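Student: Here you go, sequence then predicted model.
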Amino acid sequence: MPSVLDLTDVRAGYGSAEVLHGISISVNEGEVAVILGANGVGKTTMLRCVAGLLRPWSGRISFGGKVVDRMGAEKIVRLGLGMVPGPPGIFRDMSVTDNLRVGSFALAKGKKADAQLERILQTFPILNQRRTQTAGSLSGGEQRMLAIARSLMSEPTLLLVDEPSMGLSPAMVSNVLRLLNEVRKESGVTILMAEQNVGALDIADRAYVIEKGRVAREDQGAALEQTRADLARAYLGGHKAVEEAKR
Amino acid sequence: MTAIINGILSGSAYSLIAVGFVMVYKGSRIFNLAHAEIGAFGLFIAWYLQQHKTPILIAFVIGIIVSTLVAIIVERTLVRRLVDRTPLAALACTLGVAFILASYEFIQFGVNIKTFPPPFGTFSFNVGNLTVTSSRIMIFVFAAAVAVGLAIFLKGTKFGLEVTAAVSDKTLARLSGIRVDRTRMFVWALAGATSGIAAMLIASVNTFTPLSTTLVLIRGLTAALLGGLTSITGAFVGGITIGVVEALVTAHTTVQGADYTAVFIVLLVALLLRPQGIFGGSEA
Amino acid sequence: MALKRRRAKVGAALIIVAFGAVLLSLTFTSQYTGYVLGTVVVTAIAILSLNLLMGYAGQVSLGQAAFVGIGAFGAAQFATWNVPFPLTIVLGALLAALIAAIVGLPSLRIRGLQVAATTLAFGAVAEYFLFARPWTTNAGQVTVTRPHIVTTDKAVLLTGLIGLLIILIIDRQIRHSRVGRAFFSVRDREDTAAARGVKVGQTKVQAYAFSGFYAGVAGGLFAYLLQTVSPPSFTVFTSLGYVAAVVIGGLGSWSGAIVSGAIFASISQLLSGIATYVPIIEASLLTLTPVLRPEGLGFILNRSILIPLPAVRGEKSDELELSKAIELIAPPKRALSLSVPTRSLLIAKDVGVRFGGLVALHDVSMEVRRGEIVGLIGPNGAGKSTFFNAVGGFVKPNTGSIHYRGKDLLALPTHARAGLGIARTFQQVGLSGPQTVWENMMFAQHQLAIGYGLTSALLSTPNMRTVEKELQMRARAALEVIGLTDYTDERVLNLSHGNQRLAEVAAALATGPELLMLDEPFAGVGPEESEQLAQRLTELREELDLTILVIEHDVPLVASLCSYIYCFAEGGMLAEGSPDEVQNNQDVISIYIGEPIEKEAALA
């Protein structure tokens, strides 16, 4: 499988503080890749670099064969990248429909925005019900749904998702992860997801564990089970947690 | 009553300023104290050209172009850098721009009273015992058109959606492919153009000097505040309201300055009762 | 630090020498020079008034000339009523203060930018109506007769210098007292000011009043200098010119304000040839300052040896012994009232908070016992900070009750809760960035400074000095206990993130609390520093007899630090118990580890 996204030795930070100390990862077409790590290790920073919101200090990022590390987000998005930022990830004072319409601005020429809008609303029945409501009045879970829907409006080939589970109940988290999995299967979009919640491993083909701005380990396929257990220990520390994780 | 009609007509001039001001605020979150002065600058250039044998219509168009250019220059050089500063900093900066423009007008064109001919000719007719010139009607029509046009533009078109998105969440807007800086520049250019047209139309009805702009700005700001700072319709209604209040007061008393005081009191009371303005939502 | 202290002393000495030199030179110079210097002094005072309002308190006034004019016309009017000389100026200033306070009232309800427009409108009203007084015959002009003691321009200048000196002293007293600290808090962190006991509305009005007073003094002096008072001296443009001067001088820098005002006033007077170009130069500086150098001239001046820095006092003895420091800030031993179960400090029952349709908290019950370190864990958005806000008074619960030492917290307004013995830190560091660590430490104890009032502050009464001394001792003690004494004079925004968090904890400790509520104190702090902080907290719990409530994400860290943990989820209490119980609780585990999902499952 060809790789859709490659990061090579990327360093980045804010002000004088370096947050990413030389990250190298690679995501293949159609994969779900998960970046796992606790608060503050650099997951969001990495996604922001890929999306063109933050310029890396050094290193290379290539997306679909093109070098994009010096490109701004507005341009990268039109190359087929989509991002669901952290909460709220929506335009609070605009309606659900308007939120989705804004998502269609990056749609390739020739594609009809209206048709796409209807298609997305069919995929997200809850949003269809609330299409005229103001986005800010939706519940936390519905807002995350809207954020994902908005990013899908432009039919991206690579979708970045920043902590889809944040602020959601375990049931909602399952819903969201299941939804992302379905989207991947139906449209073949590649997904790169940053998460704290170890449950994300259930839909992952590949996982990178980040600690303090560096890749600590990389696993694929069957090895992900062990990753789960190790992370459980790191996160909670209780013996039962680790047992649970080994299921 | 003739005073009310008079008030509506003169109030529409304030509406024009207020609507442009609110547009800039909605489109960039900047309290642009230089809004009226940018238009006045275009006016002075047009006046100068017209004094030197340029046909009035050409001078008019050039005036619009100049105002638009000044607005674009201000946006590109200053406003872009102010976006993450405190509101007080942006306020001081735009005040400085207004000062620069006014001082230049002062030095270059002198302080004596000037007149500007109506760009589209003029005729007048009588309503009761009030003589109304076509120029004043033009201002009203133009103000209404701009208000309606802008309101539709912001709500209904793709560009309007871009503007709203860019101000609502800059990062998310960028992730939707919106070029936020360019969007903001268009808003300022549009505001500059309307300010230029406003200045020239108002000047065709009243005499003017480099010092007149500030007084017009004050009323425009008051109108915008009354309307709620984020509502174009509100700004329009606010301007008319102020015009009517002023006209009623001057009709009933010859005390100088009473009109200013009445408007100020109206503003104070309105804001204390309803801080978000007549039409303002909770967002303001 | 010692270098700064020395520079401050040298700076103060130089200012005194400068004053003396000016006074001496007066005997040799002409009346005209006296007149020019007089206008310079008057302008300087007017700009100081704006420096207080905009620079210290962060409020806006685009119509300041109106207040200067009120002072001028007021003094003139009082003079015609045969009120004796200096009193006319004082009364005029008081009148201006009153009007300014009224004009400033909208700032209680509307935001700063909008107040800019109302003050601008008021400036126009003053110029065209109040001063023009169209009901009088002579275009609003008033003549002022100088009294016997002050007949020449130079004599008025002397009076002006005395006035300037008095204003500077008042200004300094304000800056170094609870009054000024309240202003700065409203300017920098209006959101957290109330938590420290600041009555925000009252503070804003106070700022307008003081600003009006200064302006009125300037006006009164102006009246005597010019001997005729007429509307064209107090136009909207004059007001805007003041704004330019104060921004260029640097908002908050009194020395910058004086220098900037002096420069522009004297240039217009002396060099009439280039006078026409002064506005453009001034305007350009006004435009560029916010963009390039927001601190204005103050930036240059504060770096130089000429101007004194805010003094750090109370460091006569060099080191404060740690044990002594601990004694100073340990909370007073208070007997628990009989109506309260002896061990519980904080009891929350069924607390619920809704924001419109969103339920932020529901049925939250918690009990915090004396001497415990209690942890709050749970995902982001689960309601932990909302709970803190409910205890602190930033959010009003719709249901339930919260009692502290048996007292019903919900019955008290925010600023009244500050004195109860609870101190808290905020998720985003709740200190004032532009202020130094020391200034923040002093401000943190605001509630304890209620021992003296406004007049005491202005007059530096023994009572005020005793209270301030105590605050200083406690501030030093807290810094000593946390270990941040090296950063005392450093601006908070220049500290590393970890040190900012430490500084905030120190500020909380300075108030001598019983209950310390920490909102994510380890956020953004590296692992070694986190361990150190955790260690220190445990020690402090012993040394200071503290009870600690801490919100934190790092579960193993919380487990090692706390004796009891509450786990939040979706606004409710998911689980509670000892660290071991919570770590092995099934629900908690699923929150952090997640439920297994079938890869092939159909979309719900």
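Tutor: In hand now; what should we look at?
Student: Show me how chain A divides into domains.
Tutor: Structurally, chain A divides into domains by automatic domain parsing as follows: A:3-80+A:157-245, A:95-155.
Student: does stretch A:148-167 come close to chain B?
Tutor: Yes. Counting by C-beta under 8 Å from any C-beta of the partner chain, chain B has neighbours in stretch A:148-167: A:R150, A:S151, A:S154. C-beta: built from backbone N, CA, C; applies to glycine.
Student: Return the member of those nearest to C:C562.
Tutor: Using C-beta to C-beta, A:S151 is the member of these that sits closest to C:C562, with 39.1 Å.
Student: for the closest residue to that closest one other than its chain neighbours, what are its contacts?
Tutor: Spatial nearest neighbour of A:S151, excluding adjacent residues (C-beta to C-beta, 6 or more residues apart in numbering or on different chains): A:G82 at 4.1 Å. A:G82 makes contacts with A:A106, A:S151, A:L152, A:S154, A:P156, A:L158, A:L159, A:L160, B:L175, as judged by C-beta atoms under 8 Å, 6 or more residues apart in numbering or on different chains.
Student: Check C:P231 too.
Tutor: Contacts for C:P231 (C-beta under 8 Å, 6+ apart) come out as C:G69, C:E127, C:Y128, C:F131, C:A132, C:A139, C:G140.
Student: Wait, a strand at C:M366?
Tutor: Yes. Judged by DSSP: H, G, I helix; E, B strand; the rest coil, C:M366 forms part of a strand.
Student: OK, contacts around it?
Tutor: By C-beta under 8 Å, 6+ apart, the residues touching C:M366 are C:L346, C:I347, C:A348, C:F387, C:Y566, C:M573, C:E576.
Student: Point out the ones among these that are inside strands.
Tutor: Taking DSSP state E, the ones among the contacts of C:M366 that sit in strands are C:L346, C:I347, C:A348, C:Y566, C:M573, C:E576.
Student: any idea how far A:N28 is from A:V10?
Tutor: Taking C-beta to C-beta, to the nearest Å as the measure, A:V10 falls 18 Å from A:N28.
Student: So for these two, which residue has more residues nearby?
Tutor: A:V10 (23 against 15; other C-beta atoms under 10 Å in any protein chain shown).
Student: before we move on, which element is that one in?
Tutor: Assigned by DSSP states H and E, A:V10 belongs to strand A:3-14.
Student: got a list of contacts for that strand?
Tutor: The contact list for strand A:3-14, computed with C-beta under 8 Å, 6+ apart, reads A:18-29, A:45-46, A:49-50, A:54-64, A:69, A:157-158, A:190, A:192.
Student: just checking, what packs against the very next helix or strand once past it?
Tutor: Following strand A:3-14 in sequence order, the next helix or strand is strand A:17-28 (DSSP H and E). Helices and strands touching strand A:17-28, as assessed by 3 or more C-beta pairs under 8 Å, 6 or more residues apart in numbering or on different chains; DSSP states H and E, comprise strand A:3-14, strand A:32-36, helix A:43-51, strand A:190-195, strand A:206-211, strand A:214-220.
Student: The stretch 1-150 of chain C: strands as residue ranges?
Tutor: Here the stretch 1-150 of chain C has its strands, by DSSP state E, counting those that start in this stretch, at C:142-143.
Student: quick one on the thing from earlier: lowest average pLDDT across the domains of chain A?
Tutor: Sorting the domains of chain A by mean pLDDT places domain A:3-80+A:157-245 lowest, at a mean of 84.
Student: Can you turn the buried part of the ones in strands among the contacts of C:M366 into a ChimeraX selection?
Tutor: Provided next is the ChimeraX selection string for whichever of those are buried by 16 or more other C-beta atoms under 10 Å in any protein chain shown:
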select /C:346,347,348,566,573,576
